[in-house]
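Undergrad: Okay, predicted coordinates and the sequence, questions at the end:
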Amino acid sequence: MNDPLEPVNRQVFAFNIWLDDNAIKPVAIAYRRNVPEFFQDRIRDFFENYKSPVTFANDVLQLEFGRAAETATRFFINSVAGVGGLFDVAGQYGLKRHKEDFGQTLAVWGMPEGPYLMLPLLGPSNPRDVAGMVADSFANPWSYLYPSSVWVNFTYVGDAIFWIDVRARNIENLDDVRKNSLDYYAAIRSLYRQYRQSEILNGKTPSTPVPGDDE
Amino acid sequence: MPNPFSRRVFVAMSSAAMAAWLLLPAPARAAGEAEAAKVVESMANTVLKILADKSASRQAREQLFAEILNKNFDVPTIARFTLGRAWNDASPAQRDGYLAVFRQYIVKTYVVQLSQYSGEQFKVTKTEADGEGAVVHTMVSSPSGGNPVDIKWRMRMTGGAMKVRDVVIQNISMSLTQRNEFASVMQQRNNSVDGLIQALKDKVAELDRK
């Protein structure tokens, strides 16, 4: 495990749990309880569509032109027929959503992930994904279309809503990991690495050892 | 220029080898794959039946899950894998103690995880060769909608039957996650297997109280 900053990371993790227990999760629970499922889905579809130019750019940077065309087609269909992205019309016709970010692009280009990092509020990461996150924030074309003050406010509010929606969809999953794990920090570290590896491989199963095969 | 005779021999030999590879292992492989799919399917149906019976007590459920686990999972091999290199240094008593508490822990966590399910649809979508065994691809979809969950079962022939060695949920290997986690637990406790055994016992007791 490449985690030389583990003592600091564990402290940040404890802070994140505290923040989640006292602010984020209660808001996510309230959101799920009070916002009808129909609107939750519209919120998710809207933001996924809105953020998809970033996926498109990274499809191209990874020379995945078929997937880039898919992302572009989805964007046009959903923006027009899906009323500005509120409905994932393309998905209903079998054109499934996929996500790319610059962290994945850097991985495809051969950059190693580097040491594990636990970021305050943002959660598990590594230097490669931090670099990706920064690059992606500049890559969003919408930021160049609006005056910066409008843009900044919209980004913060929009991101907050988007992440509350994501958190609300994972309440039971995270509760289970926490309840069942002996070491929540180590479990999340392993899960994050495997999850990113699977994303980098575009959903293919990363090759992991099968118990007993090495004997 | 290579000698044409030796080349012919080479071609003949490699064709024979190819034919042997293509013909001989294939039926055996296919039979293994079919059996793997059958094992997963019957296991899933049993689990869904247990879950559907809402009147069953938790003890009764745990008993049934333990039976399914012992029958269909290669628990000793999984346990050895999740302990990593520490297995080699462990004494026979430590290995036995670990294996016993690992079994309990797995059953409890599965019961906790599965108890929130109801009315799920389970479907085998594909079976393929996987190293020396097979991998069975399944999809579990919930009646309330949402994205179906992709679960792969990696199986190996063990003692004359196909048994599960790893469950891969949405591309995340459960065996590997546990191995990583257990390594960290041991590291936090002076690299001691006894420390891990104690942590597992505490967790089992904690899950019992809930």
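TA: Sure thing, it's come through.

Undergrad: and the end-to-end length of stretch B:155-163?
TA: Using C-alpha to C-alpha, to the nearest Å, the end-to-end distance of stretch B:155-163 comes to 5 Å.

Undergrad: and it, is it in reach of chain A?
TA: Yes. Using C-beta under 8 Å from any C-beta of the partner chain, stretch B:155-163 reaches chain A at B:Arg156. For the C-beta atoms, the positions are set from N, CA and C on the backbone; glycine is no exception.

Undergrad: buried sites along that stretch?
TA: Neighbour counts using 16 or more other C-beta atoms under 10 Å in any protein chain shown place B:Met155, B:Arg156, B:Met157, B:Thr158, B:Met162, B:Lys163 of stretch B:155-163 among the buried residues.

Undergrad: again with stretch B:195-209
TA: Neighbour counts using 16+ other C-beta under 10 Å place B:Leu196, B:Ile197, B:Ala199, B:Leu200, B:Lys203, B:Val204, B:Leu207 of stretch B:195-209 among the buried residues.

Undergrad: Kindly report the same for stretch B:135-150.
TA: By neighbour count with 16+ other C-beta under 10 Å, stretch B:135-150 contains the buried residues B:Val135, B:Val136, B:His137, B:Thr138, B:Val140, B:Asp150.

Undergrad: which one of these sits closest to A:Tyr192?
TA: Among the buried residues of stretch B:135-150, B:Asp150 lies closest to A:Tyr192 (C-beta to C-beta), at 18.3 Å.

Undergrad: Confirm the closest one sits in a helix?
TA: No. Under the criterion used here (DSSP: H, G, I helix; E, B strand; the rest coil), B:Asp150 is strand, not part of a helix.

Undergrad: Now do the contacts for it.
TA: Going by C-beta atoms under 8 Å, 6 or more residues apart in numbering or on different chains, B:Asp150 touches B:His137, B:Thr138, B:Met139, B:Ile169, B:Gln170, B:Asn171.

Undergrad: circling back to that earlier point, in helices, which of the buried residues of stretch B:195-209 fall?
TA: Applying DSSP state H to the buried residues of stretch B:195-209, the entries found in helices are B:Leu196, B:Ile197, B:Ala199, B:Leu200, B:Lys203, B:Val204, B:Leu207.

Undergrad: What's the separation between the third one and B:Leu176?
TA: It refers to B:Ala199. Relative to B:Leu176, B:Ala199 is positioned 19 Å away (C-beta to C-beta, to the nearest Å).

Undergrad: what are the ranges of the strands in the chain?
TA: Since no chain was named, I'll use chain A. A:117-119, A:123-125 (DSSP state E).

Undergrad: I was after chain B.
TA: With strands called from DSSP E, chain B shows them at B:121-130, B:133-141, B:149-158, B:161-169, B:172-173.
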